[in-house]
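> this one's sequence-less:
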């Protein structure tokens, strides 16, 4: 059963010794989650609440001519109906820049359509009634008159000369001169190093190929859900699951035209997000319905709604070209990406351009990206947004290059690996990074030595993700018994409470069991950015460390008072204040200090509000073995190993879990996940039956190796780890399949029908 | 029409509720009885997040009508632990870090318990196929399978 | 929406006949509840069949088996004698959905849902299974291959009820098998399904054979030409090539989200061949 020794093998380059960090305690929220007690988005109820239901467009592209809500309103039990007309207009220039650019104007139109519907499932109205069944019946009675327009379903469709336009005011940005006519191309971006065109002349071998991938969904198991209540004084309370209660607060306030200070968001446990819950869908509808109805409104999506109308990530076309000398040295690279943004501008194509060649030390690189709107749901962030498709193209041409050169694919990567000081194509010079170390670990891993049988292939691919920092807040409160509460504002999506507790334990020097991490609502902790961008353990962790240090300093002051000594005489060791150079004062435990708190200045706490800089980039290398059934095109994943520089694993089990989960999402993307639309642009696979995410029996154990090259920007060396693991798998799987069948595969997913037609040469 | 009056046993407790014909057992558990440990992930039997035992067999509560529970014996995630005493499967899920977001976890634990009651010594492959109807998007299943296998070994006294 | 729990077949037929609005029968509910939730059906009456003994029991009859239409996959799978006699039929049934689905899904429901891709149907057709159908005028018998006429359509009348299946006595040296192609290992609807049942004589020559395909036409197909290819042979490569060719030739598939015409046509032959080899091995061991 797997290689357990390898699973636990950690290469630590830091040389630091920790007492708590790196251990594997049971997570603090664990018992609630294994007993069914934990409350997720749909588990909340409020007295007197009613139920909301969304009316969705059956058309991919249509003009809304008229909406008649009279029949719906007449249904007994219906308390409110809202349409786009009930929502305020947002200034088109109102944008936020995060991991991906968010246009509030577009997003508010994504929440509820105004003049046009732009994809199958686009919300056009919402109904609230005294029961879910009545709301559903009434929703069907909302009459929407559409002028159906021709849908634009792919990049190729969108670029056609006379393609229907999704937005008449969309002019391609990033091109000179500014286009005179609107189009479906929202933006062009370019990143360039050196002179790639000229450098290709020096290449002895050139590999170039075009690749394609399909729209895929984050596939979180918990559908979106919320309860909203509007008090008579206009104050709004929202209970919901999201990747950031502060994001929900600001977006909802904006879209509803309410002051942000009047909105309170209480975070529920979140049942998976992967980027898909970094934006909102239901909350503004629930608030407006609640306001009209004078009752709290609960809304939950069905799976069908989740797939039709919430953020998938872009399908796209990627053309990659690399030139090398015969010894394998890369001399030039080109990447051109066309990503489907969905119904509104803002695909993660720029991030694809920035990341594709980032693992490699290259002096001449050009990456050009095109952001293309199509009549599909608006793309939302999905784990390392934009990077997997770009990496798939680059890692595939590198694999082909290795084959042409007769070189081992890991050796080829090692020869060109980005290292400390490498100038990345997107502008930065890397600090100490651990990419080469992941390659060395891959080369030496037992998996890489296992002989392959007939119809089997082994693929290797690497990946890069920036990881981000940003604003985070933390407060630590020392209880009268000396235990600690750690308050942060980031939803725990995969064990971050455990990481926060461990980091606090390290600072205090006390057992992690004495630390209770909690996630507070928007009025109980200062602002924190989203749980996203692989930032929580890094940035919020840094805030927790600083807040804990603040509390330790406070306790040292209290001890000095209790002993009546100079503060400089007080040191902190293993959870206790000790008096330097004096034996007459017995060390004081946190319980001792806390018990006397009222005599030394009142309650003890620490806080930190920071904007964390210095997030360390993450690099990973994956090895995948597959077997292909040559008569049916079915692919079986035989073995899989994910190796990553994680900086410092705070709770290694949850770090391994990130690597394993990301790898498997990538395997699904590579093999069977895709949105299937009919000719009218209606989504055909709106459930888990035909949106085929990997199931337990599809997979082997996912072996992991945690390489620890500490990030200098974090006190404990932490790098973000959540996103990098989904970057290599597309390439790793495709390279394995290509080698198994002896032909290069370039179009994902590698579903049996598609792969068989490649095998059969059709 | 009038609602059905359903008399049933849930986690050993005699329980009564009222429901309409179209309400599923999952709707009844969550909305009428406030047993929200069973989750709705798909409402089509494809994700297993609402796994419960119905008269000794593992089912998706979203594919059973509430009215079918009349006279039946139902066990849900809320009945797996005995007071503060966690079931070995629950304990191993915690020790092996077999959950990330945790929303699929109740369904997995109910399904894994059903497996080990039927087959105390499953192979890894048997465990994977038995649990194929429980989707997890976070973990890649590795740690879930380890937790189930380790719980099985402990329960066998191995 | 009314709900009825008849305890006899007669009572159930009466419920169906007397229903105001459309009535739907409920066995395992694994299709019906999905359709209800999606709003694809809105019956005035649901008739739960699981309280009727004839629909929920497995009985030996004339050396064969009488299997109630609402017997779940889990229950049939626990019947060792049935597993020994008809492993291929059971394979088909057991491939439907997850463990959870198996606790509920039945042969009757799988057939009456009318899906061309129903996993248990090719095996039943290959087994020459028959159906007992009850109506207001009594019962009638029908071949399984005569039930489904197209996607979601069957020859059952609104007031008729599928009561049970009869699977005949197995002679010596008989074997059957069912294989399907799905992209994943579980949880998918068949892209192609193939069921084969055959009987050998003492010299290993195939004396009887039936071959059926799923998901390659508007309804499950009995492919007589494929059976003909096996009968009289030792199920050697030549016979298997002919079988595969006959299966591919019989396909009238469509392109949809699950597969293409070209793919289904080719893979029907591949799977039928593989299923025949498994059936052969089982017949030799029987």
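Happy to help now that I have it. The structure displayed is predicted, hence computed values, not measured ones.
> Can you check the pLDDT for residue 32?
Because you didn't say which chain, this covers chain A. pLDDT, residue A:32: 98.
> um, chain C though
Residue C:32 is given a pLDDT of 97.
> Look up how far residue B:70 lies from it.
Using C-beta to C-beta, to the nearest Å, residue C:32 is found at 18 Å from residue B:70. Backbone N, C-alpha and C define where each C-beta goes, glycine included.
> and these two? which has more neighbours close in?
residue C:32 (21 against 17; other C-beta atoms under 10 Å in any protein chain shown).
> The more buried one: what's it in contact with?
C:24, C:26, C:41, C:46, C:109 (C-beta atoms under 8 Å, 6 or more residues apart in numbering or on different chains).
> swap the cut-off to 7 Å and go again
By C-beta atoms under 7 Å, 6 or more residues apart in numbering or on different chains, residue C:32 lies in contact with C:24, C:26.
> got it, and residue B:97?
A:495, A:653-654, A:657, B:143.
> Looking at these, which are in helices?
Taking DSSP state H, the ones among the contacts of residue B:97 that sit in helices are A:653-654, A:657, B:143.
> any idea how far the nearest residue to residue B:119 once chain neighbours are set aside lies from residue B:95?
Spatial nearest neighbour of residue B:119, chain neighbours left out: residue B:126 (6.5 Å); criterion: C-beta to C-beta, 6 or more residues apart in numbering or on different chains. Per C-beta to C-beta, residue B:126 is found 22 Å from residue B:95.
> try residue B:67
40 Å.
> what about these two, which has more around it?
Using other C-beta under 10 Å as the criterion, residue B:67 and residue B:95 rank with residue B:67 on top: 23 against 19.
> Spell out which residues of the stretch 651-762 of chain A are next to chain B.
A:653-654, A:657, A:660-661, A:663-665, A:687-689, A:693, A:695-697, A:699, A:701-702 (C-beta under 7 Å from any C-beta of the partner chain).
> Which of those fall in helices?
Using DSSP H, these in helices are A:653-654, A:657, A:660-661, A:663-665.
> Now tabulate the residues you listed in CSV and tack on distance to residue A:506.
Formatted as CSV, these follow (distance: C-beta to C-beta, whole Å):
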residue, distance to residue A:506
A:653, 17
A:654, 16
A:657, 21
A:660, 25
A:661, 25
A:663, 29
A:664, 31
A:665, 31
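> Can you tell me the closest non-neighbouring residue to the one residue in chain B that gets nearest to chain C?
Closest residue of chain B to chain C, C-beta to the nearest C-beta: residue B:133 (2.1 Å). Spatial nearest neighbour of residue B:133, chain neighbours left out: residue C:98 (2.1 Å); criterion: C-beta to C-beta, 6+ apart.
> and the residue nearest to residue B:119, that one's in a helix?
Yes. Applying DSSP: H, G, I helix; E, B strand; the rest coil, one finds residue B:126 inside a helix.
> I'd like the ones in helices among the residues of the stretch 651-762 of chain A next to chain B as JSON lines, with neighbour count and distance to residue A:62 appended.
Shown next, in JSON lines, are these (neighbours: other C-beta atoms under 10 Å in any protein chain shown; distance: C-beta to C-beta, whole Å):
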{"residue": "A:653", "neighbour count": "21", "distance to residue A:62": "49"}
{"residue": "A:654", "neighbour count": "25", "distance to residue A:62": "45"}
{"residue": "A:657", "neighbour count": "28", "distance to residue A:62": "43"}
{"residue": "A:660", "neighbour count": "26", "distance to residue A:62": "43"}
{"residue": "A:661", "neighbour count": "29", "distance to residue A:62": "38"}
{"residue": "A:663", "neighbour count": "30", "distance to residue A:62": "40"}
{"residue": "A:664", "neighbour count": "29", "distance to residue A:62": "37"}
{"residue": "A:665", "neighbour count": "26", "distance to residue A:62": "33"}
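> wait, which of those residues is closest to chain C?
residue A:664 (12.4 Å).
> so where does the residue lying closest to that closest one once chain neighbours are set aside fall, helix or strand?
In space, and not counting its chain neighbours, residue A:664 is closest to residue B:140: 3.4 Å by C-beta to C-beta, 6+ apart. Using DSSP states H and E, residue B:140 is not contained in any helix or strand.
> Look up phi and psi at the nearest residue to residue A:307 once chain neighbours are set aside.
Nearest non-adjacent residue to residue A:307, counting by C-beta to C-beta, 6+ apart: residue A:686, 4.9 Å away. Backbone torsions for residue A:686, taken as degrees, to the nearest 10, come to phi -100, psi 20.
> Tell me the helices and strands packed up against whichever strand or helix holds residue C:208.
Assessed by DSSP H and E, residue C:208 sits inside strand C:206-214. The contact analysis (3 or more C-beta pairs under 7 Å, 6 or more residues apart in numbering or on different chains; DSSP states H and E) places strand C:206-214 against helix C:120-126, strand C:192-200, strand C:221-222, helix C:224-230, helix C:237-250, helix C:261-285.
> Kindly list the main-chain dihedrals of residue 74?
Just so you know, I chose chain A. phi -80, psi -10.
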